[in-house]
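Trainee: Just to be clear, the model below is a prediction. Sequence and coordinates:
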Amino acid sequence: MKALKTLPGWETTLTVLVIVALLGGGLLSKDFLTGQNISFLTANFSETLLMALTMTLLVIVAEIDLSVASILGLCSAVLGTLFAAGVPMPLAILAAFMTGGLAGLLNGLLVTRLGLPSLAVTIGTLALYRGLAFVLLGDRAVADFPQAYTNFGFGTVPGTLIPIPIAVGAVLAVLTAVVLHATPFGRSLYAIGSNEVAARFSGLRVERTKLLLFVMSGLMSALAGVVYTFRFASARGDNATGFELGVIAAVLLGGVSIFGGKGSVIGAVLAVFLIGLINGALTIVDVSNEILTIVTGLLLIGSVLVPNLIARAQAARQRRRLRGEVVSP
Amino acid sequence: MKSRSLLLSALALGSAATLAYAQPALKKGLKITLLPKNINNPYNVIETSGGTEAGKEIGATVKVVGPSDAGASSQVSYINTAIAQRQDALVLAANDANALLPYLARAKASGMKIVTMDSDTAVSGRTLFVNQANSEGIGRAQVQLLGKLIGYKGDIAVLSATPNATNQNTWIKWMQEELKLPRYKDMKLVKIAYGNDDDQKSFTEMQGLIQAYPNLKGVISPTTVGISAGARYLSTSPQKGKVMLTGLGTPNQMRAFVKDGTVTAFQLWNPSDVGYLATYAAAALVSGQITGKEGEKFKAGKLGEYTVGKNGEIIVGPPYTFDKANIDKFNF
């Protein structure tokens, strides 16, 4: 048990890495550590941050939602289609959220009622929802949203350089962290993720919890879709294509175990920032996109590898000690 | 070194000639960012190489940056970076006419000059738009060429890039206009397919077109990725020589298919000229030679003098038809 406590907190490591990335970026380019640049950079991963929050919860219960970016695209398309048809904006936004909720519900029902693996289900709905988005908007893009709304996506909190979507993300991150780490519901997610059978026998409503998480993931993707649409002032069927990988990368780098039962919101949030800052620092010194992708990939492998090696070393040490205890009396 | 100084003096002479003509000289040491749709597309590589060449001639620092996918918003972080790096001008081919507007407005507000090339944004997003050829000219010329190739008879299809590509969609609109003329009464556009500027997808879309439409006589693919993938499929298909494929491609990409008879003729402008002219136009803007008003004139090195058209549009020239007889004269 003592060995476990000496495990360096992954969140601490990530915090150090974020600081290193900030300072490193500053060393690489004098234009990096300006308020404006950091503001631009963080705004750029608003949607990833939002979707990473619910993805963290899902991965903790050992599920995954690969359809998040497609839900984002679908909600963006719903929003755009309705707005173009003359529906008042608040109603169009409401419809986008309902779409996200329903998309999440469908994912959840397929997983919990039919007992299908979420990986397979959401690969399917990834294609399905993206397809629906294209059915709605086709090759069209809806633009010309009222400025009050685009300001929500594009602007900063008055008097600061903090992008509004990032401020929203921060509030939701705190909420998610409180729910996950300080409520019985949140703690039950770890129990489900660590050992689903045991969780079920101890009376946890596993299916209902999972269903709820998928709906939440859908709603969060809808919010990300609204943010994305207004941030770029453009509703399109192909909005945020491929973003799911960035979200999952951040959650895994954040120390959330892909096998469930382990992880924290702060870790995922730090990882979103870390990946974003590294990308930003490399972009500002004009490193090519391929190198950027390679660096993100290596980071991810490292993030899975390092904790794994540490755990193995500890297990080996513990085994040695146990053997020692058996022999010594 | 010797050849470089020779080149420099030649350039100096060239710019002296410009000076005798025009108003203020081009400023030295300008910082210009070129932002193509994506950086791995061969077309974009040639296009930006023209910009780099122009940059060398005018003593500007030209950097080429860009995303590896042609998504709507992938270019945004590069626009932001250009602002942070305090570049004098941004020359870009837009992936989406609207998604970039708020960011371009911010770039403009920071004092940067914006020139689009090849694929425009809404007029408010930029000061100048360097167009390869006028969209109407390209769209109509493609149908005219295909009409000639198939004897103005039979089903035809279009194999485009992404459903959102601004330039492709405008050309297709003009193709449809051209097809309304009585001369084309026996030609029918049966399908517009999208290969998403992805080699494999374009390949399978071409395959799909040929299988789905037995009376297909011709395909227009107004994208360099689409036409070469389409030609690759066609070259091994029994329809080779029966279905005419034309569109916009580069000579190096299409040479083998023209020589083996898969493709008779296709068109393009010189993409390198587009980047070259756009970079000169950006430098002229920053140097105050022009402001973007209709009728203003400026010199663009080896390409000569250009006039700013309506809505800040500058046209490089008419499309050019490549065939067996002339393709070996080009290397790009």
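Mentor: Cool, got the structure. Residues are numbered from 1 along each chain as shown, chains lettered A, B, ... in the order given.
Trainee: what about B:I79, neighbour count?
Mentor: Using other CB atoms under 10 Å in any protein chain shown, B:I79 has 23 neighbouring residues. For glycine as for every other residue, the C-beta is placed from the backbone atoms N, C-alpha and C.
Trainee: so who does it touch?
Mentor: Counting by CB atoms under 8 Å, 6 or more residues apart in numbering or on different chains, B:I79 makes contact with B:L35, B:L90, B:L92, B:L100, B:Y103, B:L104, B:R106, B:A107.
Trainee: And the nearest residue to A:V178 once chain neighbours are set aside, how close does it get to A:V179?
Mentor: Nearest residue to A:V178 in three dimensions, chain neighbours excluded: A:G186, at 7.9 Å (CB to CB, 6 or more residues apart in numbering or on different chains). From A:G186 across to A:V179, the span is 5 Å (CB to CB, to the nearest Å).
Trainee: wait, the residue nearest to A:V178 sits on A:I192?
Mentor: No - using CB atoms under 8 Å, A:G186 is not in contact with A:I192; the gap is 11.1 Å.
Trainee: Neighbour count: those two, which is higher?
Mentor: A:I192 (24 against 17).
Trainee: ok now the helix or strand hosting that one, how far from the chain's centre?
Mentor: Element membership for A:I192, per DSSP states H and E: helix A:184-194. In terms of CA atoms, centre = their mean, to the nearest Å, the centre of helix A:184-194 is found 19 Å from the chain centre.
Trainee: Now the helix or strand following it: buried residues?
Mentor: For helix A:184-194, the following helix or strand on the C-terminal side (DSSP H and E) is helix A:196-201. Judged by neighbour count (16 or more other CB atoms under 10 Å in any protein chain shown), helix A:196-201 contains these buried residues: A:E196, A:A199.
Trainee: Check which element follows helix A:196-201 along the chain.
Mentor: Next along from helix A:196-201, by DSSP H and E: helix A:206-231.
Trainee: got the contact list for the helix or strand just after that following helix?
Mentor: The first helix or strand that comes after helix A:206-231 along the chain, using DSSP H and E, is strand A:235-236. When contacts are defined by CB under 8 Å, 6+ apart, strand A:235-236 is touched by residues A:73, A:76-77, A:79-81, A:83, A:137, A:140-143, A:145, A:229, B:72, B:96, B:99, B:164.
Trainee: hmm, try it at 7 Å
Mentor: A:S76, A:A77, A:L79, A:G80, A:L137, A:A141, A:V142, A:T229, B:A72, B:N164 (CB atoms under 7 Å, 6 or more residues apart in numbering or on different chains).
Trainee: Then stretch A:174-194?
Mentor: So stretch A:174-194 is contacted by A:53, A:57, A:60-62, A:199, A:204, A:206, A:209, A:260-261, A:264-266 (CB under 7 Å, 6+ apart).
Trainee: at 10 Å what do you get?
Mentor: A:52-54, A:56-63, A:169, A:198-200, A:202-207, A:209-210, A:212-213, A:216, A:220, A:256-257, A:259-266, A:268-269 (CB atoms under 10 Å, 6 or more residues apart in numbering or on different chains).
Trainee: from these, which would you call buried?
Mentor: By 16+ other CB under 10 Å, those give A:52-54, A:56-63, A:169, A:199, A:204, A:206-207, A:209-210, A:212-213, A:216, A:220, A:256-257, A:260-266, A:268-269 as buried.
Trainee: Now do the strands in the stretch 101-250 of chain B.
Mentor: Ranges of strands within the stretch 101-250 of chain B are B:113-117, B:128-131, B:154-160, B:187-194, B:216-221, B:244-247, based on DSSP state E, counting those that start in this stretch.
Trainee: Pick out the residue closest to the middle of the chain.
Mentor: Went with chain A since none was named. A:A52 (1.1 Å; CA atoms, centre = their mean).
Trainee: other chain: chain B
Mentor: B:D118 (4.2 Å).
Trainee: close enough to count as contact, it and B:R126?
Mentor: No - B:D118 lies out of contact with B:R126 (CB atoms under 10 Å); the separation is 11.9 Å.
Trainee: Write out the residues of the stretch 101-250 of chain A neighbouring chain B.
Mentor: Residues of the stretch 101-250 of chain A lying close to chain B (CB under 10 Å from any CB of the partner chain) are A:134, A:137-145, A:147, A:150-151, A:153-155, A:228-243.
Trainee: Using neighbour counts, trim these to the buried set.
Mentor: Of those, these count as buried by 16+ other CB under 10 Å: A:134, A:137, A:139-143, A:145, A:150, A:153-155, A:228-241, A:243.
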